[in-house]
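**Q** Mind folding the following:
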Amino acid sequence: MKKINKMLFLVALSVGIFTTSCSEDDYTGASMINYSSPTVTLSTASTNVVVDESAIPEDGEFLIPVTASISEPVLADIHIPLVQTGGTADAHDFDLGTMIITSGTTSATTNIVIYNTCDTGVEGNETLTVSFADNIANAKMTPFSMDISIENDWVNDVIEFEFDWSGELTYTAGVPAEVTIDFCDADIDFALADNGGNVLGYIAATASCPEAGGFSGLPDGTYFILAEVYDNPFSGLGLTDTMPITTTYSHCGFDTAGSFVNSVLNTATISGDVIPLATVEISGGYNYTVTPW
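**A** Model (predicted):
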């Protein structure tokens, strides 16, 4: 009996020790490290920005830096996406970045990007209000809002052209050996003339092949695109093979676009010749109709 009582005493003592131990630990699984959410402050040069879209190069960008800062480093990365909270601009007009303050650092910067996209060639002013996303889990956010005005009160009246005569020709030069010539070795410039035959200036006049350029700001009327053969090194070879010129044109923000091929230039064309490629009709200041010859 004494042995049984002794065993019961030992069991009761063990249970008491276990119970006491449990009472000192809530077993919540929480970390023993006391994490304190940092306060994040966003800053930028100005919270009211005016962007002139016409000053942004075509397909270019205007960048507005925004910086997120905390007072001291933390152990976990903090992701802070920027979001649109108001305004009339849409996703084609801008891009909003995300700031990531990595562990061990105290700041990060991203850019609000404003695009010149030519969604439409005649566009009114737009607005954009930017703040931070509302799901920043591990930080306290200081209030921040930024207003951007995108000025689009302009008309894109620039019509762009590319002229390409690249190609090769292989021929027998009076002996069994074959010779290959590169059409881009011919230097061709491209000019614009009015209805009276007066040359108004060059659209593209470099040594490049293809050539690219454009024009704008002309009165309504009829105009002519001319190919001026500045130098044709093949004209003395006794060949008469066609050197096609492919003309591609587009008017950013409008439906005016197309491509055509002229076959009026050949290897025998002498330097100094001027060849008409197309007629351009302008109406309303910026409506273009291009008709190949």
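
**Q** Quickly list what F163 is bridged to.
**A** E211, T247 (DSSP bridges).

**Q** er, I114 I mean
**A** Assigned bridge partners for I114, using DSSP bridges, are F62, F94.

**Q** what residues are up against it?
**A** Neighbouring residues of I114 by CB atoms under 8 Å, 6 or more residues apart in numbering: V51, E53, I56, E61, F62, L63, I64, D93, F94, I148, I150. Every C-beta, even on glycine, is put in place using the N, C-alpha and C of the backbone.

**Q** Now for V290, how many residues are close by?
**A** Neighbourhood size, V290 [other CB atoms under 10 Å]: 22.

**Q** again, but for L237
**A** Neighbour tally, L237, other CB under 10 Å: 16.

**Q** Is it in contact with T267, as I believe?
**A** Yes - between L237 and T267 there is a contact under CB atoms under 8 Å: 6.4 Å.

**Q** residues shared between the contacts of these two?
**A** I181.

**Q** Same list (the contacts of I114) but as JSON lines, adding pLDDT.
**A** Formatted as JSON lines, the contacts of I114 follow (pLDDT from 0 to 100):
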{"residue": "V51", "pLDDT": "95"}
{"residue": "E53", "pLDDT": "84"}
{"residue": "I56", "pLDDT": "85"}
{"residue": "E61", "pLDDT": "92"}
{"residue": "F62", "pLDDT": "95"}
{"residue": "L63", "pLDDT": "97"}
{"residue": "I64", "pLDDT": "97"}
{"residue": "D93", "pLDDT": "88"}
{"residue": "F94", "pLDDT": "94"}
{"residue": "I148", "pLDDT": "98"}
{"residue": "I150", "pLDDT": "92"}
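
**Q** Tell me the one among these nearest to E178.
**A** Ranked by distance to E178 (CB to CB), these are led by E61 at 49.2 Å.

**Q** Tell me who's in contact with that closest one.
**A** Residues counted as contacts of E61 (CB under 8 Å, 6+ apart) are V113, I114, Y115, N116.

**Q** State the pair within those that is farthest apart.
**A** Greatest spatial distance in these: V113 and N116, 10.9 Å, computed using CB to CB.
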